[in-house]
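Structure for this input, please:
(one chain, ligands or ions: 1)
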Amino acid sequence: MVGVGLIGTGFMGKCHAIAWNAVGTVFPDVDKPRLVHLGEVNDDLARRKAGEFGFARGSGDWRAVVNDTEVDVVSLTTPNQFHPEMAIAILEAGKHLWCEKPMAPSFAGAEAMAEAAKKSGKAAVLGYNYIQNPAIRHIGALLEEKIIGDVNLVRIEMDEDFMADPEARFFWKHEAASGYGALDDFAVHPLSLIKVLFGRVARVMCDMVKPYADRKVASGGRRAVETYDIASVLMHLENGVAGTLLVNRSAWGRKGRIAIQIFGSKGSILYDQERMNEFQLYLTADRPTEQGYRTILVAPHHKPMIPSCRRPAMGWASTTSR
Ligand SMILES: NC(=O)c1ccc[n+]([C@@H]2O[C@H](COP(=O)([O-])OP(=O)(O)OC[C@H]3O[C@@H](n4cnc5c(N)ncnc54)[C@H](O)[C@@H]3O)[C@@H](O)[C@H]2O)c1
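Here you go, the predicted model:
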């Protein structure tokens with residue numbers, strides 16, 4: 001039975017815990033994992049979260065999770081700046097790793113992690129969850145078969161409003177140690193979609209904007225914001241396709257928008273993650289009198305749905321296959 005460790009029990013730690021707890025329900029053919037040990041910043045919080053999340057024990061020192069001989073795989077869901085040190089320790093201890101995005105705040109940190117993963121021979125997975133949406137997988141398959149011909153432009157935008165309130169408190173995503181801000185902490189999601197749909201980015205030109213110079217801190221007063229909530233990128237992909245990537249973590253009204261527009265020589269495809277169970281397809285192959293965007297709803301014949309999911313409205317996230 002696989003023993004699971006978890007480091008960090010905030011927003012994403014809870015998501016990972018829900019996923020580990022759901023393995024037996026979603027994959028009846030797989031041995032149910034044993035939730036062994038979780039780590040937090042102090043013992044009290046760790047023990048409380050262990051009880052809530054169903055883990056056997058909790059420690060206020062993350063190294064106790066890494067050194068636990070009953071742990072085989074570790075979910076790493078701490079703030080970005082801790083990923084390199086913790087991930088490398090997990091891999092060097094001979095455990096498999098599921099590390100949240102972004103991989104690391106610096107290229108050197110990411111390279112060191114990749115090297116440790118290679119040396120360890122263990123599975124090392126990053127949390128690019130949006131690429132698992134069957135709608136995205138199917139758009140990829142349609143592009144592969146060139147249903148819209150040769151692509152000439154991809155336009156991708158990601159907007160959320162979790163930093164839109166100027167009175168919201170300063171937290172770790174405003175510290176330079178966590179990375180540039182929207183460009184890496186946030187845009188890694190649309191970039192992961194670009195990677196699976198088209199391949200790698202070859203050239204970029206970028207502008208980054210800080211909408212609020214400082215923010216309130218819990219102890220009173222204000223602290224200068226060190227990261228950028230808005231980034232605008234012009235890019236060329238290695239396959240010759242041109243593109244734009246626009247991201248904003250301070251976009252009031254947007255709750256989880258990733259809007260993709262792909263234009264080709266024989267049609268176009270539109271997708272918006274705020275309506276994640278559907279996408280639009282326009283084909284010049286249709287008779288001119290009936291040409292127009294058709295809406296395609298995700299259904300069981302779109303991969304990777306598993307047979308137990310009969311309707312997209314029931315949620316694909318809990319039903320994606322390995
Ligand atoms: N895949 C996604 O869609 C997605 C979404 C949100 C966040 N994330 C990523 O997940 C990671 C965590 O983000 P979050 O929003 O859950 O943050 P969070 O602030 O809600 O949670 C982080 C947790 O880590 C704990 N922590 C901090 N330092 C620690 C240490 N030294 N040892 C043990 N625990 C420690 C904190 O106490 C906190 O509980 C980040 O890398 C973030 O970029 C991914």
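
Quick one: residues contacting the closest residue to the ligand within the stretch 1-150 of the chain.
Of all residues in the stretch 1-150 of the chain, residue 10 sits closest to the ligand, at 1.9 Å by CB to the nearest ligand atom. Yep, even glycine has a C-beta here, placed from its N, CA and C like the rest. By CB atoms under 8 Å, 6 or more residues apart in numbering, residue 10 lies in contact with residue 77.

and it, what are its phi and psi?
Main-chain torsions, residue 10, degrees, to the nearest 10: phi -80, psi -140.

for residue 207, what are its contacts?
Going by CB under 8 Å, 6+ apart, residue 207 touches 231, 232, 233.

Can you lay out those as CSV showing neighbour count?
Below are the contacts of residue 207 laid out as CSV (neighbours: other CB atoms under 10 Å):
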residue, neighbour count
231, 22
232, 17
233, 20
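
who's in contact with the residue of the stretch 151-300 of the chain found nearest the ligand?
Closest contact between the stretch 151-300 of the chain and the ligand, by CB to the nearest ligand atom, is at residue 185 (5.5 Å). By CB under 8 Å, 6+ apart, the contact set of residue 185 is 80, 102, 173, 178, 179, 227, 249.

For it, report the pLDDT, please.
The model reports residue 185 with a pLDDT of 93.

Could you give the backbone dihedrals for residue 258?
When quoted as degrees, to the nearest 10, the phi and psi of residue 258 stand at phi -130, psi 100.

For beta bridges, what are the partners of it?
Taking DSSP bridges as the rule, residue 258 bridges to residue 158.

Remind me which helix or strand residue 190 belongs to.
Here residue 190, judged by DSSP states H and E, is contained in helix 188-197.

Can you dump the C-alpha atoms of that helix in PDB for me?
This file holds the C-alpha atoms of helix 188-197, laid out as PDB (Å, rounded to 0.1, in the frame of the first residue of the first chain):
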ATOM      1  CA  VAL A 188       2.500  28.800 -16.000                       C
ATOM      2  CA  HIS A 189      -1.100  27.500 -16.400                       C
ATOM      3  CA  PRO A 190      -1.700  29.100 -19.900                       C
ATOM      4  CA  LEU A 191       1.900  28.200 -20.800                       C
ATOM      5  CA  SER A 192       1.200  24.600 -19.900                       C
ATOM      6  CA  LEU A 193      -1.800  24.700 -22.200                       C
ATOM      7  CA  ILE A 194       0.300  26.200 -25.000                       C
ATOM      8  CA  LYS A 195       2.900  23.500 -24.400                       C
ATOM      9  CA  VAL A 196       0.500  20.600 -24.800                       C
ATOM     10  CA  LEU A 197      -1.500  22.100 -27.700                       C
END
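
ok so, going back, in strands, which of the contacts of residue 185 fall?
If you go by DSSP state E, these have nothing in strands.

pLDDT, neighbour count and distance to residue 120 for those - can I get that in JSON lines?
Shown next, in JSON lines, are those (pLDDT from 0 to 100; neighbours: other CB atoms under 10 Å; distance: CB to CB, whole Å):
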{"residue": "80", "pLDDT": "98", "neighbour count": "22", "distance to residue 120": "21"}
{"residue": "102", "pLDDT": "97", "neighbour count": "25", "distance to residue 120": "20"}
{"residue": "173", "pLDDT": "97", "neighbour count": "20", "distance to residue 120": "29"}
{"residue": "178", "pLDDT": "97", "neighbour count": "21", "distance to residue 120": "25"}
{"residue": "179", "pLDDT": "96", "neighbour count": "22", "distance to residue 120": "24"}
{"residue": "227", "pLDDT": "98", "neighbour count": "24", "distance to residue 120": "31"}
{"residue": "249", "pLDDT": "96", "neighbour count": "24", "distance to residue 120": "33"}
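
quick one: residue 282 and residue 290 touch, right?
No: using CB atoms under 8 Å, residue 282 is not in contact with residue 290, being 11.1 Å away.
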